[in-house]
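Colleague: Sequence first, then the predicted structure:
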Amino acid sequence: SGGGWGGGGKPFDKIGWGFATPNPAGGKKAPGPPPAMNDDIASSFGFPAVGRKKITAAFDGGRLTSDGGVLLLAQAERAMGICQRLAACIADPRDPARVIHRLDDILRARVFAIACGYEDADDLDALRDDPGFRLALGKLPESGAGLASQPTMSRWENAPTTRELASMMAAMIDIYCASYPAPPTAVTLDIDDTCDVVHGYQQLSFWNGHHGERCFLPIHIYDTATGRPVAMLLRTGKTPSGKEAAGHIRRLVRHLRRNWPDTHITIRGDGHYGRPEVMAYCDAARVDYVFGLPTNSALRADPAIVAVADACAVKRAQRQCPVLRNYAETRYGAKTWKCQRRVVARIEASTLGMDIRYVVTSLATGSAEHIYDTLYCARGQAENLIKRHKSQLASDRTSCRSANANQMRLILHTAAYWLLWRIQQAMPRTAALASAEFTTLRLRLLKVAARVVESASRIRIAFASACPDADLFRALVLRLKPAPT
């Protein structure tokens, strides 16, 4: 699956890392032309006749690509500089005089492939001579070395140390901050973990009784209001403890404040993160929070909440309505808390009985209804962003044996998320695809057929005349085009 070292675990100074093979004279061997098309692929096949004319077909069209939209990804990446930032975090032990594939280009090819729906490193072996991908990486379509191969990709996925991965995660937070033209006055960040099922005894895999699977539980953090990803952390398959969650939030806030010292930060999460250690840190660091709070006997017996719940049940029965909702709030302090905090209750009486949900918050303003319905329930959109990351970009393909390699994959998939987000942000707000899912963007804008023709003085890309999104594609090229310097 491209998750191992490949090539028998050759050391760094072997050809799989992207070196040219020296010839006996001591110079570099010139990269040869792309290999001839396989005879089995080139053999013709047929379709039912149309208008009494026989139809034959073959994969012999020459320099065609089915991923013409990869050039949009290239322009988005060039504007954000994601792969160059990530590559700067990794030590490259290769001899610069013998390097064919620069490290940022290796990462760039992998990220472009993920965005186009090729989530496995194995796919790069088939794509290495695709003219669209070659152009996206600044290579001529008909000459020179192709893209890096799968063994090279796999070695670099396994290469970063834990310290280098931490630097890459910090770089991703810097990319998030740089995506704003100016520091915002306030941001609300959603933190949640998600089940990533494993298929073996990989490092950090753990049995989770709630999900009934052996899995990872990676943490995802999003700026949900804008859809921006902030951080993704691979971790073991058990629910994070309060100490662990507080440590992750502390490091996140520290990195954010290096970029935005005056921005007000609010952290939002479910009951997993409403832990004493997390709330104590947030109180000390002047970070607001809105967390789910599991019910207990003290909350169920709270006089303020009981009074509103009883009144809600009576009113529902009198009105004969199927559901009636009300809200209440109280001051509550668990034995493990050092102080009392504001707790909001959403009370729902229905024909099925009484349902009460609780939220604990540091916010002193806003009604109980506003805190629950407007602020806390907005975290539901973060679930959709996690599904977009996992399902539409296949970031749950964490099939490597090494935990570091799987963390590297999470970072690369997050980079692909950024590129698709950047393309979507460049669209006119009235465009039909401005709020589309990533799978739709891929189908409509990336999976665009094109013929690439290289002459002595220029390269021409001929897209399909009947492309239904030609106007939007053209507008995106102009919007993503870098400003002249």
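Modeller: Great, that's in hand.
Colleague: Give me the contact list for the one helix or strand R163 maps to.
Modeller: R163 is part of helix 162-178, with elements assigned from DSSP states H and E. With CB atoms under 8 Å, 6 or more residues apart in numbering as the test, helix 162-178 has contacts from 80, 82, 85-86, 88-91, 160, 183, 223, 228-233, 252, 255-256, 259-260, 404, 407-408, 411, 414-415, 418. No exception for glycine: its C-beta is placed from N, CA and C like everyone else's.
Colleague: PyMOL command for the buried members of those residues?
Modeller: One line in PyMOL is enough to select the buried ones among these; burial here means 16 or more other CB atoms under 10 Å:
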select buried, resi 80+82+85+86+89+90+160+223+228+229+230+231+232+233+252+255+256+260+404+407+408+411+414+415+418
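Colleague: Low-confidence stretches in the stretch 351-485 of the chain?
Modeller: For the stretch 351-485 of the chain, applying pLDDT under 70 flags the ranges 483-485.
Colleague: Would you state the helices of it in chain order?
Modeller: 368-369, 380-387, 403-425, 438-441, 470-480 (DSSP state H, counting those that start in this stretch).
Colleague: Buried residues in the fourth one, which are they?
Modeller: Looking back up the chat, that one is helix 438-441. Buried residues in helix 438-441, defined by neighbour count with 16+ other CB under 10 Å: F438, L441.
Colleague: what does it contact?
Modeller: Contacts for helix 438-441 (CB under 8 Å, 6+ apart): R388, Q392, L393, Y417, L420, I423, Q424, L433.
Colleague: related to what we said a few turns ago, and the helix holding R163, how far out from the chain middle?
Modeller: 14 Å (CA atoms, centre = their mean, to the nearest Å).
Colleague: Over to stretch 244-260?
Modeller: Relative to the mean C-alpha coordinate of its chain, stretch 244-260 is positioned 19 Å out (CA atoms, centre = their mean).
Colleague: Give me the distance between the closest residue to S362 other than its chain neighbours and R257.
Modeller: Leaving aside its chain neighbours, S362 sits nearest to D288 (4.9 Å; criterion: CB to CB, 6 or more residues apart in numbering). Counting by CB to CB, to the nearest Å, the separation of D288 from R257 is 14 Å.
Colleague: So for these two, which residue has more residues nearby?
Modeller: Ranked by neighbour count (other CB atoms under 10 Å), D288 and R257 place D288 first, with 18 against 14.
Colleague: pretty sure P322 is in contact with L352, am I right?
Modeller: No: here P322 does not reach L352: they are 9.1 Å apart, not a contact under CB atoms under 8 Å.
Colleague: The helix holding R163 to helix 403-425, inter-axis angle?
Modeller: Interaxial angle, helix 162-178 versus helix 403-425 (axes from the mean of the first three to the mean of the last three CA atoms, to 10 degrees): 10 degrees.
Colleague: In helix 162-178, which of the residues would be classed as buried?
Modeller: Result for helix 162-178 [16+ other CB under 10 Å]: buried residues E164, L165, S167, M168, M169, A170, A171, M172, I173, I175, Y176, C177.
Colleague: for stretch 311-331, same thing?
Modeller: Going by 16+ other CB under 10 Å, stretch 311-331 has these buried residues: C312, A313, R316, L324, N326, Y327, A328, E329, T330.
Colleague: those strands in the stretch 201-350 of the chain, which residues are they?
Modeller: 206-208, 213-216, 219-223, 228-233, 264-269, 288-293, 323-332, 341-350 (DSSP state E, counting those that start in this stretch).
Colleague: other SSEs contacting the third one?
Modeller: Contact here means 3 or more CB pairs under 8 Å, 6 or more residues apart in numbering; DSSP states H and E; on that basis strand 219-223 packs against strand 186-193, strand 228-233, helix 380-387.
Colleague: do the same with the fourth one
Modeller: Of the remaining helices and strands, those touching strand 228-233 by 3+ CB pairs under 8 Å, 6+ apart are helix 162-178, strand 219-223, helix 242-259, helix 403-425.
Colleague: Turn these into a markdown table, columns for distance to R63.
Modeller: A markdown table is the format used below for these (distance: least, CB to CB, whole Å):
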| stretch | distance to R63 |
| --- | --- |
| helix 162-178 | 34 |
| strand 219-223 | 40 |
| helix 242-259 | 43 |
| helix 403-425 | 24 |
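Colleague: between these, which gets nearest to L73?
Modeller: L73 lies closest, by CB to CB, to one member of these: helix 403-425, at 5.0 Å.
Colleague: list the helices and strands the closest one packs on?
Modeller: Using 3+ CB pairs under 8 Å, 6+ apart: helix 403-425 touches helix 70-80, helix 82-87, helix 103-115, helix 150-158, helix 162-178, strand 228-233, helix 438-441, helix 470-480.
Colleague: if you set the cut-off to 7 Å instead, what comes out?
Modeller: Secondary-structure packing of helix 403-425 (3 or more CB pairs under 7 Å, 6 or more residues apart in numbering; DSSP states H and E): helix 70-80, helix 82-87, helix 103-115, helix 150-158, helix 162-178, strand 228-233, helix 438-441.
Colleague: could you redo those as CSV and give each row distance to R268?
Modeller: CSV is the format used below for those (distance: least, CB to CB, whole Å):
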stretch, distance to R268
helix 70-80, 26
helix 82-87, 26
helix 103-115, 28
helix 150-158, 32
helix 162-178, 16
strand 228-233, 12
helix 438-441, 23
